[in-house]
Each structure stands twice: as structure tokens, then as C-alpha cells.
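1. Just the structure for this:
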Amino acid sequence: MTRPPGEEPAWTPVLRLGVEVAGTPRRLWLKLEGCDPYGSIKGRTALALWRDVADRVDPGVGLVESTSGNLGLALAALAAAHGVPFTAVVDPRASAALLYDIRALGARVVTVDAPDGAGGYLLNRLARVRDLLDARPGLVWLDQYANPANPGAHEAGTAPELHRQTSGERMSVLVAVSTGGTLAGFRRYAATSGADWELIGVDAVGSAALGGRVGPRLLSGIGSSRPSAFLPGGHRPTVHVGPAEAVRGCLWLRDTTGIGVGASAGALVAAALRLFRADARRTSAACLCPDGADRYLDTVYSAAWRRTHGLTGHAGEPGVRILAVGEAAGAVSEEAG
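-> Numbering: from 1, shown residues only. Model prediction:
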């Protein structure tokens, strides 16, 4: 699960789906970040954060981070590779499989059970991080929520990679938000590179990440209890997706193509189909899929979990038909970057 210290982030594949929506052929690109060696886009973020703090880490004290799961696993692997203790501060929505793997890598897991009153647990997770910092002088917080290394990883890596893989095609690019770091990095790249992108933020209903009103949230990995520090003015355009629509996006993609993606990617797919339906002139869209189905087997892909949360009656995506599935024509090699 670990890779040698200092290794660069791996390229992740892009699949091109030909889809017919309301009788109009479209292209739906899926960048599958679940193929990262750490299993999610957070592998890129983790490496950038580690490099930012490495010179001030005390190997006898270590690192701490608040995480919904994916970043925690990537940081646990990096910390293990460098022989540094790591503490992941999580909440009850974190995947049991992810927590098992984090512990297996030697990391400590601290679970915050109390909701924060803003639809999630983030505010209380951050309070626990501050308590740990006060109690342990020398402990280093990587701070994915404000560290410029977070958006920097995507401005320098993920965004130009997608641009090359899709041969610079004019398209809508949909990015899910939690800390907002990925979307901020994509915005900076688009502004400086001239990429012909309509950049769309996708947030959860009940999330404050892009300035929305807080409310109950069910899915992990998308949304936040507070506005993004990287996007203080929010982002336009933004699409808000509820849990039923996100789950439907996941199940539709799996049932029609065999491709399994995580909850936030399901929200992206659902948002892309919504945008296609709304405008026949929008013919190409890319979804930056943060992780795969393997981390949601006990939630999104569990019929029992869906029944518990009233997410039954999966009926596919009416008026949408898969025409073709293929690899991106602009596939890249390590030398391309």
C-alpha cells in the first residue's frame, strides 16, 4: 500500500462515455482517481501536504489531521513509509474498511461522535485536533483546510493532467467540494492556462462549503460544515446534489457500465446528466471522480443501508442511454508531464 518516499503522484486514467441524453449524443469523461496508489484523489493532496511540513516534523511526536477517511489513509501510508506517528481524527461516517486500513498502517484513530450542529462533524473534529495540539507540543497539523499545498497539488498536477488527457477539448468540468482545495486548484489552472473549461462546483445539499445553508448531510467526502477557506467568495456556477440523486448516479453508472465510483463521484455524474438535460448545446462534460466503489460497499452499495436511510426505489436515469465506453483519446504517459 505504501510507495517509496518522494515518488511523484501516479497518472490516473480517463474513460470516455458516449451517452445519449434526451435524444442528443454527448461525451461524459470520467477521471478515475480511485486508481491512485492510495485509492483516491487525496493521495495527491497527502503527498503535497507531507512535502510542505516534512522539514518540521518531529519523528518522535508526529502528525495529526482531521479527515473523512481518504486523506487519512493516504497520510497513514506516507507516515508509515517515513517512520512517523500519525493520528487521524474521524467521525462515524468514515468507512469501516478505511479505518481498518488506517489502523493496519500503524496510525492512531480518534473518533468524534458529537455532531457539530452544522449538518456534520467537521467543527468538532477540528476542535479535537486543537485539543491534541495543545496536549502534545511538537505535534504537526497538516491542515488540509487552509494549507496552500492542497490547491497547489491540483493546480500543478491533476488539472493539467486532465487537460492533456482530453486533448484540450472544450467542455464542462465538474469538481466536488469539501475543503474546496481541488476546485480552487482547478480554477487557478484554468485562469492561467487558457483551458476552455466551464468549471462547475458540485456541493451537497446542506453544505456551507460554497456558501450554502447548512443542514443535515448523509454522505461522506462531499460538503462541509463551514465555507471553504480556499474559495471565500464561493463559486459560480455551483450545483447542489442531494443524497438520493448522488446514490442514483452511482448505481446507474455501475448498472450500465460496470464502473464503480464513490458517493461524491455519483453526485458529479448526477449533476452532469442534469446539466445535459437542461441545455442541448452542452455536449461534453468531465467528472473528476475522487474515489471508487470499494470505500462505499457498506453504504451506497448496500441495499440494507439504503433502506435504512430511505434511499430506495432506484430507477436508473430516464432518457439516458450509454452509446460507447472507451479510453481517452489523449491518454498520456509519465513523460508527457
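
2. Pull up the per-residue confidence for residue 212.
-> Turning to residue 212, the model gives it a pLDDT of 85.

3. How about residue 318?
-> 88.

4. Counting neighbours, what do you get for it?
-> 8 (other CB atoms under 10 Å). C-beta coordinates here come from the backbone N, C-alpha and C atoms, glycine included.

5. If you average the pLDDT over stretch 279-295, what comes out?
-> On average, stretch 279-295 scores 96.

6. how about it: buried residues?
-> 282-293, 295 (16 or more other CB atoms under 10 Å).

7. Just these: which are in strands?
-> 284, 285, 286, 287, 288, 289 (DSSP state E).

8. Those residues: which two are farthest apart?
-> Comparing all pairs in these by CB to CB, the longest separation belongs to 284 and 289, at 16.2 Å.

9. So residue 65 belongs to a strand, correct?
-> Yes. Under DSSP: H, G, I helix; E, B strand; the rest coil, residue 65 falls within a strand.

10. What distance do you get for it to residue 297?
-> Taking CB to CB, to the nearest Å as the measure, residue 65 falls 24 Å from residue 297.

11. Looking at these two, which has the bigger crowd around it?
-> Comparing residue 65 with residue 297 by other CB under 10 Å, the one with more neighbours is residue 65, at 26 against 14.

12. Just list the residues touching the more buried one, thanks.
-> When contacts are counted by CB atoms under 8 Å, 6 or more residues apart in numbering, residue 65 touches 49, 71-72, 75, 86-89, 129, 141-144.

13. mind running it again at 6 Å?
-> Counting by CB atoms under 6 Å, 6 or more residues apart in numbering, residue 65 touches 75, 142.

14. for residue 41, same thing?
-> Per CB under 6 Å, 6+ apart, neighbours of residue 41: 33, 290.

15. ok, which stretches of the stretch 201-337 of the chain are helices?
-> For the stretch 201-337 of the chain, applying DSSP state H, counting those that start in this stretch gives helices covering 243-257, 263-278, 303-308.
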